[in-house]
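S.K.: coordinates for the following, if possible.
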Amino acid sequence: MHMAADSSSTTTSEVYRQIEQALAANSQFAVATIVDVEGTAYRRPGAKMVIESDGTSHGGITAGCLHDPLQEDADEVLESGSATVVTYDLTDDDTWGLGLGCNGVIDVLIEPVDDSWQQLVDARANREACSLITAIESDDPSVPVGARAVIGERGSRANDRRIHERTTLPDPIIADIEADARTCATKGNTDRISVSTETGEIVLVVDGIEPPQKLVVFGSQPDVRPVVRFATQVGLEVTVVTARGGRADDEMFPTADRVLAAHPSNLSDAGIDRRTSVLIMSHNFVDDRLALETALETEAPYIGLMGPRKRFEQLQSDLDNEGVELSKRDRERIATPVGLNLGSDAPVEIALSIVSEIIAVSNGRNGGRLVDREGPIHDRQSLTSQ
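M.R.: Reported below is the predicted structural model:
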């Protein structure tokens with residue numbers, strides 16, 4: 001029995017890649033998902049890890065204290081082929097020891113990777129968010145624990161394609177929760193919903209799963225490299241766009257998912273959508289202005305612009321002279337100077353501050369110190385009744 005070399009460094013995207021690879025190879029993998037937390041825990045509902053039959057794990061839902069019991073429970077799931085929900089009480093110091101960073105009770109859904117996951121894989125490939133809807137409690141004999149449906153953010157019911165290895169949730173249940181499922185998909189939230197049927201009560205976990213967050217970086221100077229490295233390490237899909245005449249090859253940015261050369265006015269060719277952050281750092285004033293104009297025409301929620309405020313003021317003046325007026329929304333999504341205030345000026349530290357700001361913005365946070373935050377770090381989950 002062994003763990004992955006560095007399972008705690010596994011990104012969310014890598015967890016889903018492992019699921020995709022397991023489906024393609026018909027391998028025996030289990031997925032453990034936190035579905036409820038009472039008290040405090042290392043991860044929140046929706047967090048996942050993949051467990052192979054040989055004990056290798058990808059990702060983590062605790063600080064490591066549950067590896068052995070999770071493996072044992074995953075082995076039982078793989079042997080039976082049926083999903084189950086297991087409760088782990090991490091408040092028991094005699095069992096788990098002290099100093100784990102957890103002081104709560106967590107419910108974990110453990111299930112095999114079967115064809116009910118294919119809809120999720122397909123949705124992510126099409127950059128569509130979706131919700132996995134799974135029964136985690138049921139006294140309705142027709143709906144066992146593990147019964148599933150998948151709903152896309154636009155309301156597409158992926159369960160219309162028959163799931164051979166799982167019981168599919170009945171249509172009336174899906175209709176009752178479809179609006180909530182679409183909301184969870186769009187926001188990437190996880191919710192628990194209680195549903196009453198003629199023959200019993202069912203508790204569902206609605207797990208909103210967004211496609212990977214992307215980052216498009218415009219520039220080719222050496223300071224782009226640490227940005228790309230940090231961004232890929234945290235799981236962003238990174239495209240580097242070099243300016244006209246720039247060298248666009250994988251050797252310059254080996255960790256990037258894609259490198260291409262384009263005129264700054266063609267920045268949108270990099271596939272910018274509402275889940276894409278844009279970072280402009282060519283250090284060429286004219287190219288940066290053209291790239292900014294193009295980025296503003298996209299749905300990008302974050303547009304980082306390297307340089308001091310005075311540079312942006314000059315750039316904005318040029319835009320005004322061309323009749324380009326920045327809206328309130330434009331001003332909200334433009335970040336310049338770019339990055340969080342870490343008090344550093346070394347390129348690698350600046351890169352860390354930039355990527356940290358992108359993560360904070362994508363999570364709806366301002367990047368402040370947690371010691372200054374009142375209340376819980378993460379929003380608490382409540383049970384919704386239908």
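
S.K.: helices along this structure, start to end?
M.R.: For the chain, the helices defined by DSSP state H occupy 12-25, 67-80, 93-96, 118-125, 171-187, 224-233, 285-296, 309-321, 328-333, 347-362.

S.K.: by mean pLDDT, show me the worst of those.
M.R.: Among the helices of the chain, helix 93-96 carries the lowest mean pLDDT, at a mean of 52.

S.K.: can you add mean neighbour count and distance to residue 165 and give the helices of the chain back as CSV?
M.R.: Quick note: C-beta positions are derived from backbone N, CA and C, even for glycine. CSV is the format used below for the helices of the chain (neighbours: other Cβ atoms under 10 Å; distance: least, Cβ to Cβ, whole Å):
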stretch, mean neighbour count, distance to residue 165
helix 12-25, 17, 11
helix 67-80, 17, 12
helix 93-96, 11, 34
helix 118-125, 18, 10
helix 171-187, 18, 19
helix 224-233, 22, 34
helix 285-296, 21, 44
helix 309-321, 13, 55
helix 328-333, 12, 43
helix 347-362, 19, 34
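
S.K.: got a markdown table for those helices, with distance to residue 56 too?
M.R.: Compiled in a markdown table, the helices of the chain are given as follows (distance: least, Cβ to Cβ, whole Å):
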| stretch | distance to residue 56 |
| --- | --- |
| helix 12-25 | 10 |
| helix 67-80 | 10 |
| helix 93-96 | 23 |
| helix 118-125 | 20 |
| helix 171-187 | 30 |
| helix 224-233 | 20 |
| helix 285-296 | 41 |
| helix 309-321 | 48 |
| helix 328-333 | 41 |
| helix 347-362 | 27 |
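
S.K.: quick one, what contacts residue 285?
M.R.: Applying Cβ atoms under 8 Å, 6 or more residues apart in numbering, one finds that residue 285 lies in contact with 311, 314-315.

S.K.: gap between it and residue 307?
M.R.: Here residue 285 is placed at a distance of 9 Å from residue 307 (Cβ to Cβ, to the nearest Å).

S.K.: over to residue 283?
M.R.: Taking Cβ to Cβ, one finds residue 283 at 8 Å from residue 307.

S.K.: least confident secondary structure element in this structure?
M.R.: Every helix and strand of the chain was ranked by mean pLDDT, DSSP states H and E. The lowest is helix 93-96, at a mean of 52.

S.K.: I'd say residue 210 and residue 129 touch.
M.R.: Yes. Counting by Cβ atoms under 8 Å, residue 210 does reach residue 129; the two are 4.6 Å apart.

S.K.: which residues do the two both contact?
M.R.: Contacts common to residue 210 and residue 129, judged by Cβ under 8 Å, 6+ apart, are 185, 188.

S.K.: what is the neighbour count of the residue lying closest to residue 203 once chain neighbours are set aside?
M.R.: Leaving aside its chain neighbours, residue 203 sits nearest to residue 137 (3.8 Å; criterion: Cβ to Cβ, 6 or more residues apart in numbering). By other Cβ atoms under 10 Å, the residues close to residue 137 number 18.

S.K.: do the same with the one 3 residues further on
M.R.: With neighbours defined by other Cβ under 10 Å, the count for residue 140 comes to 19.

S.K.: grab the nearest non-local neighbour of it.
M.R.: residue 200 (3.3 Å).

S.K.: can you name the residues that contact the one you found?
M.R.: Residue 200 sits next to 138-141, 143 when contact means Cβ under 8 Å, 6+ apart.

S.K.: list buried residues within those.
M.R.: 138, 140, 143 (16 or more other Cβ atoms under 10 Å).

S.K.: just those residues now: which is nearest residue 350?
M.R.: When the buried ones among the contacts of residue 200 are ranked by distance to residue 350 (Cβ to Cβ), residue 138 comes first, at 51.9 Å.

S.K.: who does the residue nearest to the closest one when sequence neighbours are not counted bridge with?
M.R.: In this structure, residue 138 finds its nearest non-sequential neighbour in residue 202, 4.6 Å apart by Cβ to Cβ, 6+ apart. When bridges are called by DSSP bridges, residue 202 pairs up with residue 138, residue 195.

S.K.: next: the one 5 residues further on.
M.R.: As for beta bridges, residue 207 partners with residue 132, residue 190 under DSSP bridges.

S.K.: one more: residue 276?
M.R.: Taking DSSP bridges as the rule, residue 276 bridges to residue 214.

S.K.: low-confidence regions, the stretch 201-350 of the chain specifically.
M.R.: 244-250 (pLDDT under 70).
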